[in-house]
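Undergrad: Below: sequence and its predicted model.
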Amino acid sequence: MLDIVRKRRSVRRYQSRMVSPDLIAQLLDAARWAPSGLNNQPWRFLVLHGEDKDALARFTRSGSVILSAPTAIVVCLDNEVSYHRDKDLMSVGAFIQNILLDAADEGLGTCWLGEILNRRKEVEEHLGLETRYELMAVVTVGYPDERDPGDPERKASEEIEIKRG
């Protein structure tokens, strides 16, 4: 598992070939096993391709990433099943992380796009989402079309540990 965690990268350029519906379903199946408080599973998603996906590009500075990817997964919080916002936001993050890790294990690239949240309401209206669904992120998925960037820099554990006293 640690190898998969370490090999996962944010991919911003994709090959044009589609990811099979079965493989997308597998990623979403892995995602739904994320932990959630009271097992409320507050995440909801929408899978977009083609023109529906491409239309999202105008809502973010990361539009080129969306245009390059064959698939975009819109991830939302279902506020009607949410019982504790902070905990549920963490659960949605775990849902997304499961997609990223399973995709990396399958040789797929992904990019977790959050900047699109700056125009959350516009995106929600554009997608025709019920008011109960709150946009949390867009995850692009596809076969990478870029060189392996190598290992990213990470701070040492000692640098991020909070020392008391």
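TA: Happy to help now that I have it.

Undergrad: quick one: contacts of the top helix by length along the chain?
TA: Longest helix of the chain, by residue count under DSSP state H: helix 85-105. If you take Cβ atoms under 8 Å, 6 or more residues apart in numbering as the criterion, helix 85-105 is touched by 4-5, 7-9, 26-28, 30-37, 40-43, 73, 75, 77, 82, 109-110, 112, 136-137, 139, 141. From N, CA and C alone the C-beta is placed, and that goes for glycine too.

Undergrad: Which residue ranges of this structure form strands?
TA: Remark: strands assigned in the chain by DSSP state E are 43-48, 71-78, 109-113, 133-142.

Undergrad: now the third one: how far from the chain's centre is it?
TA: It stands for strand 109-113. Computed by Cα atoms, centre = their mean, to the nearest Å, the separation of strand 109-113 from the middle of its chain amounts to 6 Å.

Undergrad: If we ignore the residues flanking it in sequence, what's nearest the spatially most central residue of the chain?
TA: Note on the chain: the residue nearest the mean C-alpha position is residue 139, at 3.4 Å, using Cα atoms, centre = their mean. Once flanking residues are discounted, residue 139 sits nearest to residue 73: 4.5 Å by Cβ to Cβ, 6 or more residues apart in numbering.

Undergrad: Could you do residue 108 as well?
TA: Residue nearest to residue 108 in three dimensions, not counting chain neighbours: residue 141, with 5.9 Å by Cβ to Cβ, 6+ apart.

Undergrad: What of residue 113?
TA: Nearest non-adjacent residue to residue 113 (Cβ to Cβ, 6+ apart): residue 138, at 4.5 Å.

Undergrad: Buried residues, stretch 103-112. List them.
TA: Neighbour-count burial for stretch 103-112, with 16 or more other Cβ atoms under 10 Å as criterion, is recorded at 103, 104, 105, 108, 109, 110, 111, 112.

Undergrad: Look up how far residue 156 lies from the last one.
TA: Meaning residue 112. Separation of residue 112 from residue 156 (Cβ to Cβ, to the nearest Å) stands at 24 Å.

Undergrad: before we move on, what about the third one?
TA: Relative to residue 156, residue 105 is positioned 26 Å away (criterion: Cβ to Cβ).

Undergrad: for residue 114, what are its contacts?
TA: By Cβ under 8 Å, 6+ apart, the neighbours of residue 114 are residue 137.

Undergrad: a markdown table for the buried residues of stretch 103-112, including distance to residue 59 and pLDDT?
TA: Converted to a markdown table, the buried residues of stretch 103-112 look like this (distance: Cβ to Cβ, whole Å; pLDDT from 0 to 100):
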| residue | distance to residue 59 | pLDDT |
| --- | --- | --- |
| 103 | 23 | 98 |
| 104 | 26 | 97 |
| 105 | 30 | 97 |
| 108 | 23 | 97 |
| 109 | 21 | 96 |
| 110 | 19 | 98 |
| 111 | 15 | 98 |
| 112 | 16 | 98 |
